[in-house]
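K.L.:
Please find the sequence and the predicted model below.
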Amino acid sequence: MKMSWSVRFRLRQHAKASLWIVPLIGLALGAVFAEWTAGIDGADLLPGDWRYSATTASSVLSSVVGAMVALLGFVVTIGVLVIQQATGTLSPRYMRLWYRDRLQKAVLATFTGTFAYAFSLLRKIEPNSVPNLGVTLSGVAVSLSLLLLLIYLNRFTHNLRPVAIADIVGRLGQKVMFHGTEHIRRTRAPAGAYPPSAAPVTHVRTGRGGVLQAFDVAGLIRSAARHDCVFTLCHHIGDFVPPGATLVEVHGTKQIPDPRHTAGHIALGTERTIEQDPAFALRILVDIAIRALSPAVNDPTTAVQALNHIDTFLHAIGRAQLCNQYVLADAHGRPRLVIPGRNWDDYLQLGVTEIREYGATSLQVCRRLRALLEDLLHTQPTDRLSAVHAELILLDEAVQRNFTDPIRRAQAQTPDRQGIGSGRRPGT
């Protein structure tokens, strides 16, 4: 039976988030490489003074095995600390991205590979036969492992700061949005081409609940073209779809597509992913900001730094062509797939609403929010300014409620890109 696209997607997600698959590959490669080096050891590839006694070789390889086990435990300890910090002071949603870090998997794979390599060579040592090349290469592998460990420590000691994580998440979200808009631009139906107005003939329903993580655009378009119909997705990426709810409406067809095959092009899971959901990156940025504004943390400066990246993200979204729905076409230009989209208001509300509500008593946050919104007034097209003005009105009302003193109220209503410290500048 052919595996559906949604199953393949979930397997890819599991592989990306898994911390054991790549180290397991490293373990196997280490054992295979040990057999290979032991087989060519008699080729006299090393100088004559690079020879080891059986006792020395056993001691070296035993030390390598023990060192790799200790380093693995050290990296696991760092991982636990990262999880505690990320879930406590940043956002649990960020962990889904942290699990995918390639450097971390490379470090674990190198450690497990070196462990398997040295352990496999131990059994090759005999009183009159020592794998000299293998023992030498084990030292090289240890040196490489230590170098990767230092790079790993340097990276995570710098990248664990909230502002660094906000930068990583923001850039990733912009990348996802750029690729998504490019794909939509290439497959978008010509102007004036709309799906037929006929009533839906089929509701494709989900058998289990879950978050809509992604969907196979090309597969759905091919299926719709094959059955000469139009598929309309009923939910946004990131929505939770309850069991039995309609996933897809099928319009204008006499040949009803197989519901299971159609549903197989849509992936549901336990939580959101970023593959097709740039709003998920904005969600993480907002989470970092409101965590910093909680009474337990009370760090408005971190919230202001997160707002810097939200500001950048909103400006990037402002350059995209957004609409409430996108009509995608097949190779002949016929509309085949309708997907719901997020408009400018959705992104703007997501980016500022909760930060305004939780940071309304913070002078820094109010000033930085006003600077953000006033920047958008000068950079966004006219049809998007009404939403920005509405957010400014809500910010004014929040300041009126929380700053009763006229002087402090005036301070809170001053736009400041640093929160406190720069204030209004001429021509800005």
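P.N.:
All right, it came through fine.
K.L.:
where does this structure dip in pLDDT?
P.N.:
Across the chain, residues meeting the criterion (pLDDT under 70) sit at 1, 41-50, 85-86, 190-200, 253-254, 423-428.
K.L.:
Determine the next helix or strand in the C-terminal direction from the lengthiest helix in it.
P.N.:
For the chain, the longest helix by residue count, based on DSSP state H, is helix 54-85. Using DSSP states H and E, the next helix or strand after helix 54-85 towards the C-terminus is helix 95-98.
K.L.:
just checking, what packs against that next one?
P.N.:
The contact analysis (3 or more CB pairs under 8 Å, 6 or more residues apart in numbering; DSSP states H and E) places helix 95-98 against helix 162-187. (C-beta placed from N, C-alpha, C; glycine too.)
K.L.:
Centre of the chain to the helix it packs on, how far?
P.N.:
9 Å (CA atoms, centre = their mean, to the nearest Å).
K.L.:
and if you look at stretch 22-41?
P.N.:
Centre-to-centre, stretch 22-41 and its host chain are 33 Å apart (CA atoms, centre = their mean).
K.L.:
Going by neighbour count, list what's buried in that stretch.
P.N.:
By neighbour count with 16 or more other CB atoms under 10 Å, stretch 22-41 contains the buried residues V22, P23, G26, L27, G30, A31, F33, A34, T37, A38, D41.
K.L.:
CA atoms only: put it into CSV for me.
P.N.:
The C-alpha trace of stretch 22-41 is given here as CSV (Å, rounded to 0.1, in the frame of the first residue of the first chain):
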residue,chain,number,x,y,z
VAL,A,22,21.5,10.8,13.6
PRO,A,23,23.5,9.6,16.6
LEU,A,24,22.4,6.0,15.8
ILE,A,25,23.7,6.5,12.2
GLY,A,26,26.9,7.8,13.7
LEU,A,27,27.1,4.7,15.9
ALA,A,28,26.8,2.4,12.9
LEU,A,29,29.3,4.3,10.8
GLY,A,30,31.8,4.2,13.6
ALA,A,31,31.6,0.5,13.9
VAL,A,32,31.9,0.1,10.1
PHE,A,33,34.8,2.5,9.9
ALA,A,34,36.6,0.5,12.6
GLU,A,35,36.3,-2.6,10.5
TRP,A,36,37.6,-0.8,7.5
THR,A,37,40.7,0.7,9.2
ALA,A,38,41.5,-2.6,10.8
GLY,A,39,41.4,-4.3,7.4
ILE,A,40,43.9,-1.8,5.9
ASP,A,41,46.1,-1.5,8.9
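K.L.:
Which ones among the buried residues of stretch 22-41 map onto helices?
P.N.:
V22, P23, G26, L27, G30, A31, F33, A34, T37, A38.
K.L.:
can I assume L61 is in contact with K124?
P.N.:
No. Between L61 and K124 there is no contact under CB atoms under 8 Å: 9.3 Å.
K.L.:
Nearest to L392 among the buried residues of stretch 22-41?
P.N.:
Of all these, the one sitting nearest L392 is V22; the distance, using CB to CB, is 48.4 Å.
K.L.:
neighbour count winner among L61 and K124?
P.N.:
L61 (25 against 19; other CB atoms under 10 Å).
K.L.:
Enumerate every residue touching the more buried one.
P.N.:
A118, F119, L121, L122, I125, V135, S138 (CB atoms under 8 Å, 6 or more residues apart in numbering).
K.L.:
Now go through those residues and say which are in strands.
P.N.:
The strands, defined by DSSP state E, take in nothing from these.
K.L.:
Compare the residues you listed and tell me which has the most neighbours.
P.N.:
L121 (30 neighbours).
K.L.:
Give me the nearest residue to it, chain neighbours excluded.
P.N.:
G134 (4.5 Å; CB to CB, 6 or more residues apart in numbering).
K.L.:
same check, this time on F403
P.N.:
R409 (4.1 Å).
K.L.:
so how far is G419 from N308?
P.N.:
For N308, the distance to G419 equals 10 Å [CB to CB, to the nearest Å].
K.L.:
can you redo the contacts of L61 as TSV with distance to D167?
P.N.:
Converted to TSV, those look like this (distance: CB to CB, whole Å):
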residue	distance to D167
A118	39
F119	41
L121	43
L122	45
I125	50
V135	44
S138	39
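K.L.:
Pick the one among those closest to R8.
P.N.:
Closest to R8, out of all of these and judged by CB to CB, is F119, at 35.0 Å.
K.L.:
Please list all residues in contact with the closest one.
P.N.:
L61, V65.
K.L.:
For this protein, list the residue farthest from the centre, please.
P.N.:
Distance to the chain centre peaks in the chain at N128, reaching 54.3 Å (criterion: CA atoms, centre = their mean).
K.L.:
from memory A214 sits against L268, does it?
P.N.:
No. Judged on CB under 8 Å, A214 makes no contact with L268 at a distance of 9.5 Å.
K.L.:
buried sites along the longest helix of the chain?
P.N.:
57-58, 60-61, 64-65, 67-68, 71-72, 75, 78-79, 82.
K.L.:
nearest to R8, of the residues you listed?
P.N.:
Nearest member of the buried residues of helix 54-85 to R8, counting by CB to CB, is G79, at 27.6 Å.
K.L.:
how far away is that closest one from R408?
P.N.:
45 Å.
K.L.:
if we can go back for a sec, of the buried residues of stretch 22-41, closest to L322?
P.N.:
V22 (37.4 Å).
K.L.:
Can you dump the C-alpha atoms of stretch 233-241 in PDB for me?
P.N.:
Provided in PDB are the C-alpha atoms of stretch 233-241 (Å, rounded to 0.1, in the frame of the first residue of the first chain):
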ATOM      1  CA  LEU A 233      -9.600  24.000   2.400                       C
ATOM      2  CA  CYS A 234     -11.800  24.900   5.300                       C
ATOM      3  CA  HIS A 235      -9.100  25.700   7.900                       C
ATOM      4  CA  HIS A 236      -6.000  27.800   8.300                       C
ATOM      5  CA  ILE A 237      -2.600  26.300   8.800                       C
ATOM      6  CA  GLY A 238      -2.200  26.100  12.600                       C
ATOM      7  CA  ASP A 239      -6.000  25.600  13.300                       C
ATOM      8  CA  PHE A 240      -7.000  22.800  15.600                       C
ATOM      9  CA  VAL A 241      -9.500  20.600  13.600                       C
END
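K.L.:
Off-centre distance for it?
P.N.:
18 Å.
K.L.:
where does Y326 fall, helix, sheet strand or coil?
P.N.:
Judged by DSSP: H, G, I helix; E, B strand; the rest coil, the three-state class of Y326 is strand.
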